[in-house]
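>>> give the three-dimensional model of this entry:
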Amino acid sequence: MSTCEDELIQKAAHGDQEAFRLLWEAPLPRFQPGSPFRPWLMRILYRHALDEMERHKVYQRLVSLEEIIELEPYTSSGIGNTEDLQEQVVQREEVRLALVQLSADQRRVIALRYGADLTEVDIAEVLNWPVGTVKSRLNRARERLRVFLADERR
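Just a heads-up that it's a prediction; the model follows:
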């Protein structure tokens, strides 16, 4: 994405409706009528998110307790005490370390399935992969995560 689009995204993220309208009008002409809309939009968002994650290397960064405390009001968990919060930080760090060990394709399908709550069919649309490929990579990713997380808890 260009710098101009990045600025529009920032403004739109902070509630600027005109910036959102301009962003909306920019990708909308590329939409092919008759195609499913949600996967098309998710593909745009997904590619931008990947670019941002790669640029900032967020998947390699440790999560601090302060960041969790800062984000707590925005979560629905409503964690009550510091011990629970510390446990949550530990669990997130374990998951982050396990995710780093997956291949890029496995991280993609996990992020789209559980982060974006897309179906396997939608993920196939977003990534432009056959549904069978999505299913196999998702299953392998789940299995690797199970192994990594089980090893981590021993």
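>>> residues in contact with I110?
99, 102, 138, 141-142, 145 (C-beta atoms under 8 Å, 6 or more residues apart in numbering). Using the backbone N, CA and C atoms, a C-beta is placed for each residue, glycine as well.
>>> helices along the chain, start to end?
3-13, 17-25, 37-56, 65-71, 82-100, 104-110, 120-127, 131-152 (DSSP state H).
>>> for the first one, name the packing helices and strands.
Contacts defined by 3 or more C-beta pairs under 8 Å, 6 or more residues apart in numbering; DSSP states H and E place helix 3-13 against helix 17-25.
>>> give me the contact list for the helix it packs on.
5, 7-9, 11-12.
>>> likewise for stretch 34-54?
Contacts for stretch 34-54 (C-beta under 8 Å, 6+ apart): 1, 9, 27, 31-32, 58-59, 108, 112, 116, 118, 122, 125-128.
>>> can you rerun that using 7 Å?
Contacts with stretch 34-54, where a contact means C-beta atoms under 7 Å, 6 or more residues apart in numbering, come from 1, 27, 31, 59, 112, 116, 118, 122, 125-126.
>>> filter these down to the buried ones, ChimeraX style.
ChimeraX command restricting the contacts of stretch 34-54 to the buried ones, with burial defined by 16 or more other C-beta atoms under 10 Å:
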select :112,118,122,125,126
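>>> now for the contacts of stretch 34-54, which pair is the farthest apart?
F31 and Y59 (29.7 Å; C-beta to C-beta).
>>> where does N81 land on pLDDT?
Looking at N81, its pLDDT reads 63.
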